[in-house]
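Chemist: Below is the sequence, then the predicted model.
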Amino acid sequence: MYFFSFVLQSTLLALEAQVVIEQRLTMMARGDAGAQDEVVRMVGEKMALAAHAWQHGAMSLATGTSPDDVMMATVTLYRDAVDENRRRLAA
C-alpha cells in the first residue's frame, strides 16, 4: 500500500511542477521585468532545496528512519516548495 501512496505523491509532484514550469516559461517568453530575477531565484532555490533534502535524508537514515519514510518526506519537501512557487508566481 505504501508504494501506491509514494507513486501518487510523486505523480502529483510531477504534475504540479509542470504548472510552475509553465508559469516561469511564460514569464520569460514575455520578457517580464522580473524574469531574470526569477531565473536567479530558481537556480538558488533548486540548489538549496537539494542540499536540504540530502542533509535531512542522510540524518533521518542515520537515526533509524525507514527509507520509505525518508522517500516520502523528500517528495513532500519538494511538493511544498513547488506549491509555494506556484502560489507566488500566480500572484
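Modeler: Thanks, I have the structure now.
Chemist: C-alpha from now on. contacts and neighbour counts both.
Modeler: Fine.
Chemist: Identify all contacting residues around stretch 73-91.
Modeler: Here stretch 73-91 makes contact (CA atoms under 8 Å, 6 or more residues apart in numbering) with 9-10, 13, 16-17, 19-20, 23-24, 49, 53, 57.
Chemist: typo on my end, it should be stretch 45-55
Modeler: Under the contact criterion CA under 8 Å, 6+ apart, stretch 45-55 has outside partners 74, 77-78.
Chemist: Are any of those buried, and if so which?
Modeler: Neighbour counting over those (16 or more other CA atoms under 10 Å) leaves 74, 78 as the buried ones.
Chemist: Out of the contacts of stretch 45-55, list just those in helices.
Modeler: The members of the contacts of stretch 45-55 that map onto helices under DSSP state H are 74, 77-78.
Chemist: quick check, nearest of these to residue 41?
Modeler: residue 78 (15.7 Å; CA to CA).
Chemist: Max pairwise distance over the contacts of stretch 73-91: which two?
Modeler: Farthest-apart pair in the contacts of stretch 73-91 is 23 and 57; separation 29.4 Å (CA to CA).
Chemist: Tell me which of those two has more neighbours.
Modeler: Taking other CA atoms under 10 Å, residue 23 and residue 57 do not tie; residue 57 has more neighbours (19 against 15).
Chemist: Next up, the contacts around that one.
Modeler: Residues near residue 57 by CA under 8 Å, 6+ apart: 70-71, 74.
Chemist: could the residues you listed be laid out in JSON lines, adding pLDDT and distance to residue 43?
Modeler: Conversion of the contacts of residue 57 to JSON lines gives the following (pLDDT from 0 to 100; distance: CA to CA, whole Å):
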{"residue": "70", "pLDDT": "96", "distance to residue 43": "24"}
{"residue": "71", "pLDDT": "96", "distance to residue 43": "23"}
{"residue": "74", "pLDDT": "97", "distance to residue 43": "19"}
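Chemist: Next one, pLDDT for residue 32 please.
Modeler: pLDDT, residue 32: 86.
Chemist: burial count for it?
Modeler: Neighbour tally, residue 32, other CA under 10 Å: 12.
Chemist: three-state assignment of it?
Modeler: Under the three-state scheme (DSSP: H, G, I helix; E, B strand; the rest coil), residue 32 adopts coil.
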